[in-house]
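J.: Task: produce atomic coordinates for the following.
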Amino acid sequence: MTEICYDYQKTNRLGLIDTIWQALVHRLEIRKARANLYQMQQLDDRMLADIGISRDELTWAEYLPTTKNPTHELARCRNNRLRTQMISKNIRRA
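T.: Sure thing, here's the model as predicted:
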């Protein structure tokens, strides 16, 4: 019976360590994404348009909560915009 309790506690500790590790990795990813956001803000508007992002979207992403990855959110916005454009082109052709 003691062994079962010990294994259970060990499993819980490993789970806690894994959870903490994942939180740290996630936080580092967000820091890198925010650094990338800063680098994108240094680009001119033409270059931003080439990658499908507007300066307004960069400003919006800058003010996202610190728990969200701004580059993922920008990619999601861009993909939604492209999908909407494709739908409107298909409607015009029909």
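J.: Keeping just the C-alphas, turn stretch 87-94 into CSV.
T.: Provided in CSV are the C-alpha atoms of stretch 87-94 (Å, rounded to 0.1, in the frame of the first residue of the first chain):
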residue,chain,number,x,y,z
ILE,A,87,-15.0,33.9,-51.0
SER,A,88,-15.9,37.3,-52.4
LYS,A,89,-13.9,36.5,-55.7
ASN,A,90,-15.8,33.2,-56.1
ILE,A,91,-19.1,35.0,-55.5
ARG,A,92,-18.3,37.6,-58.2
ARG,A,93,-17.4,34.9,-60.7
ALA,A,94,-20.6,33.0,-60.2
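J.: Burial check on residue 70, number of neighbours?
T.: 23 (other C-beta atoms under 10 Å). Glycine gets a C-beta too; all of them are placed from N, C-alpha and C.
J.: so who does it touch?
T.: Residues near residue 70 by C-beta atoms under 8 Å, 6 or more residues apart in numbering: 30, 33-34, 37, 61-62, 64.
J.: now, among those residues, which is nearest to residue 83?
T.: Checking the contacts of residue 70 against residue 83 by C-beta to C-beta gives residue 61 as the nearest, at 18.9 Å.
J.: tell me the secondary structure for residue 28?
T.: Here residue 28 is helix, with the state taken from DSSP: H, G, I helix; E, B strand; the rest coil.
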